[in-house]
Each structure stands twice: as C-alpha cells, then as structure tokens.
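A.B. asks: below: sequence and its predicted model.
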Amino acid sequence: MYNNKKIGNFGEKIAINYLKRNGYKIISRNLQISNQELDIIAKIKAKWVFIEVKTCVSEGKNFIADQYMKKNKLDNLKIIINKIIIWQNIPNELVRVDLIAVQINKQEKSAKIKHYFNIL
C-alpha cells in the first residue's frame, strides 16, 4: 500500500508543518549535492538548522522511527552540511543539525513526531 518514497514525502510534509508551527522558516527541501541529500534546511532566528527526517509506518504504539538513523547516514549528513556551510559561508556557531522522527500509526490514523536537537 505504501512505498518508501511516498512515506518519506508524507513524513517530510508533517515535519515541515511542525517546524512552521514552531517558528522555523523553511529555506530548502530535498537539496542534493553530489550523491548526498539533505531533507530540510530551516532557520530559526539567526540559527541555520539542517534537518534529517526519518519516517516509518507502524501498527503498534512503540516509537521506532528514530531507530532508522544509521551511522552511514550521519556520515553523509556531515559531508553535505560541510559543503553547504562553506558554500554559504555560515559560521559554525550558527549551525545546528537535528533529526525529526515521524511515526505514522495506520490503526489510529495518526502521526507522532519526535524532534532531536544537535544530533552531530
């Protein structure tokens, strides 16, 4: 019924709505540089926030979306974020890397969000 790309896109829409409700300005989505992709670039006040979104569909109540963040994805995030920081000349103290985990519960027809700050 669901495929990974649709699930990911749906989770990113949920994350973007969450970010906007919490005062973030969305700068970019799905930015690709070389073979790396960054889901969301946002700003809150002067802080640049680079955000990875992990989404999963579950039928239970245990939150598992955040468990999909693997070391190789973190390594790729570091590479693309460093390229953006250099390209945009962003001071390191104005950078934060976050993870937003979205878990969609098919039974309850609901979604839960967990926002992890400063994951790198």
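C.D. replies: Ah, there it is. Residues are numbered from 1 along each chain as shown.

A.B. asks: any idea how many residues pack against Lys47?
C.D. replies: Neighbourhood size, Lys47 [other Cβ atoms under 10 Å]: 13. C-betas here are computed from N, CA, C, even on glycine.

A.B. asks: so what's it up against?
C.D. replies: The contact partners of Lys47, by Cβ atoms under 8 Å, 6 or more residues apart in numbering, come to 94-96.

A.B. asks: try Ala46
C.D. replies: The neighbourhood of Ala46, defined by Cβ under 8 Å, 6+ apart, consists of Leu94.

A.B. asks: please tell me how far it sits from Ser34.
C.D. replies: The spacing between Ala46 and Ser34, counted by Cβ to Cβ, to the nearest Å, is 28 Å.

A.B. asks: circling back: nearest to Lys54, of the contacts of Lys47?
C.D. replies: Sorting the contacts of Lys47 by how near they are to Lys54, with Cβ to Cβ, puts Arg96 at the top with 17.2 Å.
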